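Colleague: Here's a sequence, model it:
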Amino acid sequence: MANVNQSAPADLGRLPQTARMVGLAGLALCALGFFMDPAQFFRSYLLGFLFWSGLSVGSLGILMLHHLTGGAWGLMIRRVLESAAAALPLMALLFVPLAFGLPHLYPWARPEALAASELLRHKAPYLNVPFFLARVAVYFIVWAGLTALLRRGSAEQDRTGDPRATDRLQTISGPGMVLFVLTTTFAAVDWVMSLEPEWFSTIFGVLLMGGQAISAMAFAIVMAAALARRGPLAGVLTPSHLHDLGKLLFAFVLLWAYFAFSQYLIIWSGNLPEEVSWYVHRLHGGWRAVALTLVVAHFALPFLLLLSRDVKRDARRLAGVAVLLLVMRLVDLFWLIGPAFHRAGLRAHWLDLAAPAGLGGIWLMMFCRQLGGRPLLPARDPEWAEALEVGKH
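Modeller: Predicted coordinates for the structure are as follows:
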């Protein structure tokens with residue numbers, strides 16, 4: 001471990017080249033899909049945007065959680081989290097196509113739907129295109145601003161090793177977490193819940209937030225496991241660190257399941273038509289099979305696997321669980337937004353794969369650029385020596 005070059009950047013292998021090819025191919029298919037079926041293009045684009053933006057937003061949340069609580073687990077994946085969050089300005093740019101497709105997605109953006117519904121007219125002071133776009137700008141300004149402040153403080157810590165830099169990171173993360181929760185909750189309402197604006201749930205924001213935490217943590221584990229195969233992380237990441245990461249992933253899975261079941265139980269027991277209809281659309285026809293798949297593969301199976309100490313301490317097996325959860329996050333988002341457009345039954349389209357792949361390739365290119373530009377390990381963090389000792393035991 002003493003021979004590890006702690007200032008070395010990440011060795012990403014062929015990931016940047018692969019991401020570029022997948023991204024360009026996916027975006028080319030998206031362009032074709034736009035001319036063939038514009039409405040379906042915007043729906044699939046929204047699916048891909050929600051997945052990859054959620055991964056960046058979730059990484060920002062976990063990064064602030066680490067700065068507030070400390071711990072060796074966060075030092076092992078800090079650069080991954082910082083690089084994933086640094087893609088938020090890119091996601092703001094990638095939101096622009098959605099701004100031109102709002103009438104294809106949201107009933108409140110269509111004048112004829114607004115004229116036909118008294119409830120939509122009542123919500124019009126909030127649900128209108130100018131105010132919606134203004135809120136989107138605020139969300140990305142807050143998220144990108146917090147990311148920039150945290151990355152600047154982390155770079156200062158790398159350069160000087162000054163303990164005051166660590167204190168500033170914690171000072172930023174305290175109020176930053178409050179802003180994060182507020183903006184993420186409102187974004188969930190705007191981007192997903194308002195697809196069916198006559199339905200509402202007070203827990204929906206934290207449900208989406210829990211999903212973002214799962215996707216961010218799962219991605220960080222996959223990247224840590226891959227980077228541990230070669231230096232500099234190969235000499236540092238130990239089963240003890242993996243165990244901590246696995247426990248945190250386990251906690252996020254339980255948290256998501258708690259939020260999802262709580263929402264279902266409260267709405268179903270209340271039995272109000274304007275609330276229950278949302279689940280009726282998602283628990284009939286082919287959508288029921290998707291819901292059961294989520295129960296099994298998004299909760300039950302990861303729950304059972306992550307109970308095992310051996311799984312959590314083995315990089316390959318833990319990464320396998322993380323990959324499963326990443327796939328299920330995309331399926332969950334598909335289940336959340338799909339029935340808003342296809343209430344008669346399950347309908348999938350090839351753009352539902354092409355759009356996430358295209359956006360994912362561009363996102364991964366940005367991620368690789370950010371991760372490769374700095375030392376992979378924050379070796380001047382005051383907790384670094386303790387983190388190495390934790391790994392030995």
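Colleague: Ignoring the adjacent residues along the chain, who's closest to W335?
Modeller: Using Cβ to Cβ, 6 or more residues apart in numbering and skipping residues adjacent in sequence, the residue nearest W335 is V290, 4.8 Å away. For the C-beta atoms, the positions are set from N, CA and C on the backbone; glycine is no exception.
Colleague: Surely that neighbour and L336 touch.
Modeller: No - V290 lies out of contact with L336 (Cβ atoms under 8 Å); the separation is 10.2 Å.
Colleague: higher neighbour count, those two?
Modeller: L336 (22 against 19; other Cβ atoms under 10 Å).
Colleague: can I assume the more buried one is in contact with M193?
Modeller: No - using Cβ under 8 Å, L336 is not in contact with M193; the gap is 9.1 Å.
Colleague: Tell me which residues touch L195, please.
Modeller: L105, Y106, I337, A340, F341 (Cβ atoms under 8 Å, 6 or more residues apart in numbering).
Colleague: Looking at these, which is nearest G58?
Modeller: I337 (17.7 Å; Cβ to Cβ).
Colleague: can you pull the pLDDT of the closest one?
Modeller: The model reports I337 with a pLDDT of 96.
Colleague: quick one, what contacts A226?
Modeller: Neighbours of A226 in contact, by Cβ under 8 Å, 6+ apart: A319.
Colleague: actually M177, not the one I typed
Modeller: G61, M64, L65, L68.
Colleague: starting at the chain centroid, how far to the helix or strand encompassing it?
Modeller: Assigned by DSSP states H and E, M177 belongs to helix 163-191. Relative to its chain's centre, helix 163-191 lies at 15 Å (Cα atoms, centre = their mean, to the nearest Å).
Colleague: Mind listing what's buried along that helix?
Modeller: Of the residues in helix 163-191, 165-166, 168-169, 172-173, 176-177, 180, 183-185, 187-191 count as buried by neighbour count, 16 or more other Cβ atoms under 10 Å.
Colleague: Quick check: which ranges of the stretch 251-393 of the chain have low pLDDT?
Modeller: Counting by pLDDT under 70, the stretch 251-393 of the chain shows low-confidence ranges at 390-393.
Colleague: Kindly apply the preceding question to the stretch 1-150 of the chain instead.
Modeller: 1-10.
Colleague: the helices in it, which residues?
Modeller: 15-36, 38-69, 72-85, 88-94, 96-99, 102-105, 111-116, 118-123, 129-160 (DSSP state H, counting those that start in this stretch).
Colleague: Give me the packing partners of the last one, helices and strands only.
Modeller: The criterion is 3 or more Cβ pairs under 8 Å, 6 or more residues apart in numbering; DSSP states H and E, and the helices and strands that helix 129-160 contacts are helix 38-69, helix 72-85, helix 88-94, helix 163-191.
Colleague: Packing partners of the second one?
Modeller: The reference is to helix 72-85. In terms of contacts (3+ Cβ pairs under 8 Å, 6+ apart), helix 72-85 is packed against helix 38-69, helix 129-160, helix 204-227, helix 239-270, helix 351-371, helix 384-392.
Colleague: Which residue is the nearest non-sequential neighbour of I77?
Modeller: Counting by Cβ to Cβ, 6+ apart, the residue nearest I77 is A220, at 4.2 Å.
Colleague: In this structure the one you found contacts G58, no?
Modeller: No - at 9.4 Å, A220 does not count as touching G58 under the criterion of Cβ under 8 Å.
Colleague: Tell me the buried residues in stretch 356-376?
Modeller: 356-368, 370-372, 374-376.
Colleague: Name the member of the contacts of M177 with the shortest distance to Y264.
Modeller: Closest to Y264, out of all of these and judged by Cβ to Cβ, is G61, at 23.9 Å.
Colleague: The closest one: how many residues sit nearby?
Modeller: 24.
Colleague: could the contacts of L195 be laid out in a markdown table, adding neighbour count?
Modeller: Shown next, in a markdown table, are the contacts of L195 (neighbours: other Cβ atoms under 10 Å):
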| residue | neighbour count |
| --- | --- |
| L105 | 21 |
| Y106 | 21 |
| I337 | 19 |
| A340 | 21 |
| F341 | 16 |
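Colleague: Could I get the contacting residues of the residue nearest to the spatial centre of the chain?
Modeller: Centroid-nearest residue in the chain: L55, 2.3 Å away (criterion: Cα atoms, centre = their mean). Taking Cβ under 8 Å, 6+ apart, we find L55 in contact with A84, Q212, S215, A216, F219, W363.
Colleague: What's the local residue count around F261?
Modeller: Neighbours of F261 using other Cβ under 10 Å come to 12.
Colleague: Check V253 too.
Modeller: 25.
Colleague: Tell me the spacing between it and G235.
Modeller: 30 Å (Cβ to Cβ, to the nearest Å).
Colleague: can you check N271 too?
Modeller: 58 Å.
Colleague: when you compare where whatever helix or strand the residue nearest to W335 lives in runs with where helix 239-270 runs, what's the angle?
Modeller: V290 belongs to helix 286-294 when elements are defined using DSSP H and E. On the basis of axes from the mean of the first three to the mean of the last three Cα atoms, to 10 degrees, helix 286-294 is oriented at 140 degrees to helix 239-270.
Colleague: Buried by neighbour count: which residues of helix 286-294 qualify?
Modeller: W287, V290, A291, L294.
Colleague: Stretch 314-330 too?
Modeller: Buried, per 16+ other Cβ under 10 Å, within stretch 314-330: 314-315, 317-319, 321-322, 324-326, 328-330.
Colleague: Can you point out the buried residues in stretch 107-123?
Modeller: In stretch 107-123, counting by 16+ other Cβ under 10 Å, buried: P107, W108, A109, L114, S117, L120, K123.
Colleague: now these as a markdown table including distance to P197?
Modeller: Listed next are the buried residues of stretch 107-123 as a markdown table, based on distance: Cβ to Cβ, whole Å:
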| residue | distance to P197 |
| --- | --- |
| P107 | 6 |
| W108 | 5 |
| A109 | 10 |
| L114 | 10 |
| S117 | 8 |
| L120 | 6 |
| K123 | 6 |
